[in-house]
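S.K.: let's see this in three dimensions:
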Amino acid sequence: MNLERSLWHPVALGHVVGSQPRAVTLLGEDLVLWRDGNGHAHAWMDQCPHRGARLSLGRVHGGQLECPYHGWRFDGGGRCTHVPSVPDFQPGPRHGARTFDTREAYGMLWVRLAAPEGEPQPIHQLPVFAAEAEPRLRKTTSGPYLVAASAPRIIENFLDMAHFGYVHEGWLGSRERPEIPPYEVQATPHGVRATGCLAWQPRSSIHAASGAQVEYTYEVTAPYMAVLTKVPEAGSTAIEGMNESIAMFVCPVTEESSVAWTRMAMNDFDSPDARLIDFQNTIFGQDQPVLESQRPKRLPLAPAAEAHCAADRMSAAYRRYLRESGITFGVIP
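M.R.: Numbering: from 1, shown residues only. Model (predicted):
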């Protein structure tokens, strides 16, 4: 079994999964998302066990998912409960839908396609991004961004500061001050972390009125997920003991295409959601054409596959982490 199938992956914002079935793709598998009569979310193979029609073309009727082709109905556990053409027939296990584990966290629906070997992996522990946790920080999500790039390429870009002065000139960086001073990188139980990351930014946030040397901590918490934490600048209205954070959640759709979201935990309760999201849309919109231009589209993991420099220490550590973890989807070993 590929490791990727046993990991939790984001597939949709929770609020967009409602009374209408929704089609998504994860790791090349076509899924249908829907909610039953109790509001519980489900993720199934988007294929009726009868004649293979897409269940996402059906409807939710009486709290059950109904196939669009012959009207077979399935309860939340995937059990076939009704075959209209043979009303007295009692369907068995063979007539059921193929279901997958589903969880809701951080405003998103998460799915894993296979149970892990050994001890089950919990969903990622990122309490700062939970809507119900830490009320001193405001939670907002931007996306989805549909990207013709592999999930590892997107995460590596998120970890990279050296492109700020060129891709995000006038926003996150400047061509006149492109230097990235040395920073520390270390392995963690779940990934890799970089600390002491400094970059001069003319506009590090929507409220920045002048340039500043900004310090970040970057952490990869899963193969297709990373978090940056911003150290408060001198004179800012920082909350004691709290730092603002942004997470990059990426759904690996195919080997060379992805859907991404950013989850923000911000010390900003005054700006409307649209303003915070517009800022993230601008930044990701600058990244996207570069991401989609990269060749090869899958991230090469061999140390000599691409050239590196000292500013790429976090990228190199991320590639090493993927290689040592046995990740195969979206990469070139």
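
S.K.: what about the closest residue to residue 170 other than its chain neighbours, how many neighbours?
M.R.: The shortest distance from residue 170 to any non-neighbouring residue, by Cβ to Cβ, 6 or more residues apart in numbering, is to residue 202 (5.9 Å). To be clear about C-beta, it is placed using only N, CA and C from the backbone, and glycine gets the same treatment. By other Cβ atoms under 10 Å, 19 other residues sit near residue 202.

S.K.: surely residue 202 touches residue 176?
M.R.: No: judged on Cβ atoms under 8 Å, residue 202 makes no contact with residue 176 at a distance of 9.7 Å.

S.K.: how far away is the residue nearest to residue 170 from residue 177?
M.R.: 9 Å (Cβ to Cβ, to the nearest Å).

S.K.: neighbouring strands - and their directions - for the lowest-mean-pLDDT helix or strand in the chain?
M.R.: Within the chain, confidence by mean pLDDT, DSSP states H and E is lowest for strand 212-222 among all helices and strands, at a mean of 92. Sheet partners assigned to strand 212-222 using DSSP bridges are listed as strand 191-201 (antiparallel), strand 225-230 (antiparallel).

S.K.: most packed of the ones you listed?
M.R.: strand 225-230 (a mean of 22; mean count of other Cβ atoms under 10 Å).

S.K.: what's next to it, contact-wise?
M.R.: Here strand 225-230 makes contact (Cβ atoms under 8 Å, 6 or more residues apart in numbering) with 124, 126, 155, 158-159, 191, 204, 214-221, 243-250.

S.K.: any idea which helix or strand carries the residue lying closest to residue 148 once chain neighbours are set aside?
M.R.: Excluding the flanking residues, the one nearest residue 148 by Cβ to Cβ, 6+ apart is residue 292, at 4.6 Å. If you go by DSSP states H and E, residue 292 is part of helix 273-293.

S.K.: burial of the residue nearest to residue 148, as a residue count?
M.R.: There are 14 residues near residue 292, going by other Cβ under 10 Å.

S.K.: wait, it sits on residue 147?
M.R.: Yes: when contacts are counted by Cβ under 8 Å, residue 292 is listed as touching residue 147 (6.6 Å).

S.K.: figure out which of the strands paired with strand 212-222 is closest to residue 87.
M.R.: strand 225-230 (47.2 Å; Cβ to Cβ).

S.K.: next, the angle helix 273-293 makes with the helix or strand just after that closest one.
M.R.: Going down the chain from strand 225-230, the next helix or strand is strand 244-254, by DSSP H and E. If you take axes from the mean of the first three to the mean of the last three Cα atoms, to 10 degrees, strand 244-254 sits at 50 degrees to helix 273-293.

S.K.: low-confidence stretches in the stretch 201-333 of the chain?
M.R.: 203-210, 232-242 (pLDDT under 70).

S.K.: go again using 50 as the cut-off
M.R.: Residue ranges of the stretch 201-333 of the chain with pLDDT under 50: 236-239.

S.K.: next, count neighbours for residue 170.
M.R.: Residue 170: 11 neighbours (other Cβ under 10 Å).

S.K.: I'd say it and residue 201 touch.
M.R.: No: using Cβ under 8 Å, residue 170 is not in contact with residue 201; the gap is 9.9 Å.
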